[in-house]
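Enquirer: No letters, just coordinates:
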C-alpha cells in the first residue's frame, strides 16, 4: 500500500500532469465564441419562424373572411327565383348576374373594416362585383384584404351563377 501512495504523490507533482488540468484562455474564448454564434443563429431562426407564423395567420384569417362573403353570394344565388326573361338577357341589367349582384349588395350593404385576432389590427375586405362580358348571367367577384398601410394580404377571384340560370334552355 505504501507503493501506491508514493506513486500517486509522484504523479501529482509531475509538471506535465499539472499542465493538463483545466482549459487555456484561448480554448475558453473559442468556446464562448462558438456558443455566441450558435445562440445568434438560433435567435434569428426563432424570429424568422415567428414572422412566418404571423403572415400565415394573416393569410388564413383573410381567406376565411373572403370565403364567408363568397358563401353568402352562393347562398343568395341559390335563392333567386326562376325568371324566363332573364335567361335570354341582352343587356347586363336584365340578366341573372345583375339580380344576383343586387341581392348580394343588399345582403351585405357595406363591408366594414374588420379587426384581426392578431393584436386587433384593422384590415379592410374589399369586394368588387361586376356583371358583363360574354356571360350576362354570371356575377364576377373580386376580393382583396388589405392592411392599414394599403399592402395586400390576400386576393381571391370567383364567378357565381344563380342555380336558376342552369335551368335555362
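Expert: Everything's here; your move. Here the structure is a predicted model, which is why all the values come from computation and not from measurement. Numbers count the residues shown, from 1 in each chain.
Enquirer: In the chain, what residue spans correspond to strands?
Expert: 114-115, 122-132, 135-146, 152-160 (DSSP state E).
Enquirer: Need the winner for burial among these.
Expert: strand 135-146 (a mean of 20; mean count of other Cβ atoms under 10 Å). Heads up, the C-betas are built off the backbone N, CA and C, glycines and all.
Enquirer: and the direction of that one versus that of strand 152-160, what angle?
Expert: 160 degrees (axes from the mean of the first three to the mean of the last three Cα atoms, to 10 degrees).
Enquirer: ok so, going back, closest one to residue 89 among the strands of the chain?
Expert: Residue 89 lies closest, by Cβ to Cβ, to one member of the strands of the chain: strand 135-146, at 4.7 Å.
Enquirer: Counting neighbours, which bits of stretch 160-169 end up buried?
Expert: By 16 or more other Cβ atoms under 10 Å, the buried positions in stretch 160-169 come out as 160, 161, 162, 164, 165.
Enquirer: measure that stretch end to end?
Expert: Start-to-end span of stretch 160-169 (Cα to Cα, to the nearest Å) is 19 Å.
Enquirer: tell me the angle the longest helix along the chain makes with strand 122-132.
Expert: Criterion DSSP state H: the longest helix present in the chain is helix 25-79. Per the same axes, to 10 degrees, the angle that helix 25-79 makes with strand 122-132 is 40 degrees.
Enquirer: what packs against helix 25-79?
Expert: For helix 25-79, the contact count by 3 or more Cβ pairs under 8 Å, 6 or more residues apart in numbering; DSSP states H and E identifies helix 96-107, strand 122-132, strand 135-146, strand 152-160 as packing neighbours.
Enquirer: Neighbouring strands of the shortest one in the sheet, and parallel or not?
Expert: Each strand that strand 152-160 pairs with, and the sense of that pairing, follows from DSSP bridges: strand 135-146 (antiparallel).
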